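Trainee: could you work out the structure for the sequence below:
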Amino acid sequence: MKDNIIDTALNLFRRNGIRNVTMDMVAAEVGISKRTLYEYFQAKDSLVEACLTKELDRRRQMASEIISSSNHIVETYILFTWNYILELRRTHYLFMQDIRRLYPGTLCKQAYDFESHLKNKVASFVRQGQQEGVFRKDINPELSAIILFQQIRLLTEEGEAVFPQEKYSPHEVFAHIAIHFVRGLATPEGLGVIDHYYSMHISGIK
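Mentor: Residues are numbered from 1 along each chain as shown. Sure thing, here's the model as predicted:
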């Protein structure tokens, strides 16, 4: 029951933001009484904490699976960034905004630490790509990761105002942010590798 409550609440938070979801809404969605809900979670804050912990664990697992299943560092980068953008598109921008505003302490630090972890991963991808000759040697890996995440942050900070889904598909957003960005890092040899893995994984997706 507890896992069901967390999963249901997390879906509500991701779709609507945290502030807009009440414990009454969670109880109704799960199909239990509010009293039963409070037997598992004495306050909304504890439920939010459980949801964020589960969400970050899921994203860490997803990142690990991508890294372990990829055959080339460029493939890893493309799948890593593509899945990150999809996660953002499936999550209302208010979700992370509410975490930063309503929970500036431990919960916000968890989210920040996770994003820092992802940035470090991207920087390591760039360094490995440089060693393999697919990314230019004159690129600063850490700065590249920061710039990429600042571009992607538009998806969470502005949401539908910048990229309305009826006008821009996740595929288009990915192509303009991730692919154009990574092509700017590439050597002539790397461009062919990027195009190969982009065609393999992304080009047919709308």
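
Trainee: doesn't Ala111 make contact with Leu56?
Mentor: Yes. Counting by CB atoms under 8 Å, Leu56 touches Ala111, with 7.3 Å between them. Heads up, the C-betas are built off the backbone N, CA and C, glycines and all.

Trainee: beyond the host helix or strand of Glu49, next helix or strand please.
Mentor: Assigned by DSSP states H and E, Glu49 belongs to helix 44-69. Next in sequence after helix 44-69, counting helices and strands by DSSP H and E, comes helix 73-89.

Trainee: check contacts around the most centrally placed residue in the chain.
Mentor: When CA atoms, centre = their mean is applied to the chain, the residue found nearest the centroid is Tyr84 (3.6 Å). Going by CB atoms under 8 Å, 6 or more residues apart in numbering, Tyr84 touches 118, 152.

Trainee: now the nearest residue to Asn16 once chain neighbours are set aside: how far from Gly184?
Mentor: Sequence neighbours aside, His92 is the residue nearest to Asn16 in space, at 6.1 Å (criterion: CB to CB, 6 or more residues apart in numbering). From His92 across to Gly184, the span is 30 Å (CB to CB, to the nearest Å).

Trainee: more neighbours: the two, which one.
Mentor: Between His92 and Gly184, His92 has the larger neighbour count (other CB atoms under 10 Å), namely 19 against 12.

Trainee: hmm, the more buried one is touching Ile18, no?
Mentor: No. Judged on CB under 8 Å, His92 makes no contact with Ile18 at a distance of 9.6 Å.

Trainee: any low-confidence regions in this protein?
Mentor: Scanning the chain for pLDDT under 70 picks out 106-108, 154-161, 170-171, 174-175, 202-206.

Trainee: what about the helices in it?
Mentor: 2-16, 23-30, 34-40, 44-69, 73-89, 93-102, 106-131, 141-157, 170-174, 180-185, 188-201 (DSSP state H).

Trainee: can you put these in JSON lines and add distance to Phe163?
Mentor: What follows is the helices of the chain, written out as JSON lines (distance: least, CB to CB, whole Å):
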{"stretch": "helix 2-16", "distance to Phe163": "17"}
{"stretch": "helix 23-30", "distance to Phe163": "27"}
{"stretch": "helix 34-40", "distance to Phe163": "35"}
{"stretch": "helix 44-69", "distance to Phe163": "20"}
{"stretch": "helix 73-89", "distance to Phe163": "8"}
{"stretch": "helix 93-102", "distance to Phe163": "10"}
{"stretch": "helix 106-131", "distance to Phe163": "19"}
{"stretch": "helix 141-157", "distance to Phe163": "6"}
{"stretch": "helix 170-174", "distance to Phe163": "6"}
{"stretch": "helix 180-185", "distance to Phe163": "15"}
{"stretch": "helix 188-201", "distance to Phe163": "20"}
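
Trainee: which of these is buried the deepest?
Mentor: helix 73-89 (a mean of 21; mean count of other CB atoms under 10 Å).

Trainee: what's the angle between it and helix 106-131?
Mentor: Relative orientation of helix 73-89 versus helix 106-131 (axes from the mean of the first three to the mean of the last three CA atoms, to 10 degrees): 150 degrees.
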